[in-house]
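Novice: mind folding the following:
(one chain, ligands or ions: 1)
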Amino acid sequence: MDTIATAHNDNRDNAEIKIILVGDKGVGKSTLLDQFWGPNSNGTQPTASMRYSSPFVETMIIGNKSDLEEQRVISKEQGQELSSQLGALAFREMSVVNFNQEPFIWMLMGIYLRRKLRNQDATEKQRIKKGREDLS
Ligand SMILES: Nc1nc2c(ncn2[C@@H]2O[C@H](COP(=O)(O)OP(=O)(O)OP(=O)(O)O)[C@@H](O)[C@H]2O)c(=O)[nH]1
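Specialist: Numbering: from 1, shown residues only. The predicted structure is shown next:
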């Protein structure tokens, strides 16, 4: 796969959320980011291969150019299957022709909720640890 990453280029190091779109050349990564964040919002960087191992990275599979149904190479079912294999948040179809922010917003909400759950878990662990220390 000729993989290219297009990143939402927020120059703040402490940005809460960074989005990286990974996909074949010309699938519409830059166009999607421009639609969501406005023109010239992204920077591109070619990558030979990318592996996301951080627990803080959430993934979503996008089937872009959904207006070009007749040229479809990957079926919806294949997209959904890949999404569940990877444990991704979702599989969503998109098109800049009828652009709809819902999938992006859905993804951001998913990230927020997962983080909230993770933080709750961390707080709970901290509470239990403190309880043990208090008892010893
Ligand atoms: N019909 C249609 N065309 C699209 C859609 N999204 C992007 N395009 C067109 O596809 C072409 C490639 O889009 P880009 O956003 O440059 O694709 P990219 O993945 O960033 O490309 P690289 O930077 O070369 O990897 C452009 O001509 C876009 O206008 C879509 O949803 N539907």
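Novice: where in the chain is pLDDT low?
Specialist: Applying pLDDT under 70 to the chain flags the ranges 1-18, 38-56, 136.
Novice: who in it is up against the ligand?
Specialist: Residues of the chain lying close to the ligand (CB under 6 Å from any ligand atom) are 4, 6, 23, 25-31, 44, 64-65, 67-68, 95-97. C-beta: built from backbone N, CA, C; applies to glycine.
Novice: I'd say residue 58 and residue 86 touch.
Specialist: No. The pair residue 58 and residue 86 fails to qualify as a contact (CB atoms under 8 Å) at a distance of 10.6 Å.
Novice: show me which of those two is the more surrounded one.
Specialist: Just comparing residue 58 and residue 86: by other CB atoms under 10 Å the higher neighbour count belongs to residue 58, 20 against 13.
Novice: tell me the secondary structure for the more buried one?
Specialist: Counting by DSSP: H, G, I helix; E, B strand; the rest coil, the backbone at residue 58 sits in coil.
Novice: list phi and psi for it.
Specialist: Dihedral pair for residue 58: phi -110, psi 150, per degrees, to the nearest 10.
Novice: skipping adjacent residues, who's closest to it in space?
Specialist: Closest residue in space to residue 58, ignoring its immediate chain neighbours: residue 111 at 4.9 Å, by CB to CB, 6 or more residues apart in numbering.
Novice: go through whichever strand or helix holds that neighbour and flag the buried ones.
Specialist: Element membership for residue 111 (DSSP states H and E) is helix 102-135. Buried positions in helix 102-135, judged by neighbour count with 16 or more other CB atoms under 10 Å: 103-104, 107-108, 111.
Novice: residue 21: neighbour count?
Specialist: Residues lying near residue 21 (other CB under 10 Å) number 20.
Novice: check the secondary structure at it for me.
Specialist: strand.
Novice: quick check, the residue in this protein closest to the ligand?
Specialist: Nearest residue of the chain to the ligand, counting by CB to the nearest ligand atom: residue 28, 2.9 Å away.
Novice: so that residue makes contact with residue 66?
Specialist: No. At 10.3 Å, residue 28 does not count as touching residue 66 under the criterion of CB under 8 Å.
Novice: is the closest residue in space to residue 82 that isn't next to it in sequence in a bridge, and if so with what?
Specialist: The spatial neighbour of residue 82 that comes closest, neighbours along the chain excluded (CB to CB, 6+ apart), is residue 61 at 5.7 Å. With DSSP bridges as the criterion, residue 61 is bridged to residue 91.
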